[in-house]
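[1] Provided below for reference: sequence and predicted model.
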Amino acid sequence: MTVSTTAGPGRTLRRIGPFEVPAIGLGCMNLSHAYGVPPTPEAAEHLLRTALDEGVTLFDTAALYGFGANEELLGRVLADHRDRIVLASKCGMTGVDGRRVIDGRPDTVRRTADQALARLRTDTIDLYYLHRVDRQVPVEESIGAMADLVTAGKVRALGLSEVSVATLRRAHAVHPIAALQNEYSL
């Protein structure tokens, strides 16, 4: 559930699970992946630092973006600002041998989380999404593994990307789902 409040002149905040963030965050996919040629590392770092300076506190990445390079970029630039940002990442869709692979098996979910934590240079991912549902794995199994990450303190809240209402309900029955993400790119 999203709850709107205001903080300061014209600044709208939203509640995502336990977090309160500005209404607009930064999706970082195109800094390493998709929508044309990515910017240089220097330009990407400058953009992230400018976003911080402008008050952006929600940064969204994924294991898929640049096949890990995007998480590494965010880790390098944002690690020193970890206490003032909400960091979202995703599992369940990664790059393997240069190809996009959907894999929601519990072992893969756990391994991807550990890899993301290392690349992001953090002990905890604030919001961890299942990027896509693996049609070979019941969503309850993928979410169960993600819930174990919450119990272990590696993740604070769970989300889903690109799912139906029925799938959302099944997942939420296993563990509370704090956010639902659907692709919308300007």
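    Ah, there it is. Residues are numbered from 1 along each chain as shown.

[2] how about low-confidence regions in this protein?
    In the predicted model, the chain carries pLDDT under 70 at residues 1-10, 185-186.

[3] Doesn't residue 109 lie inside a helix?
    Yes: counting by DSSP: H, G, I helix; E, B strand; the rest coil, residue 109 is found in a helix.

[4] Name the helix or strand for the residue lying closest to it once chain neighbours are set aside, please.
    Counting by Cβ to Cβ, 6 or more residues apart in numbering, the nearest residue to residue 109 once its immediate chain neighbours are dropped is residue 145, at 4.2 Å. In this view, the C-beta of every residue, glycine as well, is placed from N, C-alpha and C. Using DSSP states H and E, residue 145 sits in helix 139-151.

[5] circling back: what's the residue nearest to residue 109 in contact with, if anything?
    Contact analysis of residue 145 by Cβ atoms under 8 Å, 6 or more residues apart in numbering lists 106, 107, 109, 110.

[6] out of those residues, who's nearest residue 31?
    Of all the contacts of residue 145, residue 31 sits closest to residue 109, with 24.2 Å by Cβ to Cβ.

[7] Hmm, residue 92 and the closest one touching each other?
    Yes: checked against Cβ atoms under 8 Å, the pair residue 109 and residue 92 is within contact range at 6.7 Å.

[8] who has more neighbours, the two?
    A direct count of neighbours by other Cβ atoms under 10 Å for residue 109 and residue 92 places residue 92 higher, at 29 against 24.

[9] which residues sit in contact with the residue nearest the centre of the chain?
    In the chain, the C-alpha nearest the mean C-alpha coordinate belongs to residue 89, at 2.1 Å (Cα atoms, centre = their mean). If a contact means Cβ under 8 Å, 6+ apart, then residue 89 has 60, 61, 62, 63, 71, 116, 120, 125, 127, 128, 129 as its contacts.
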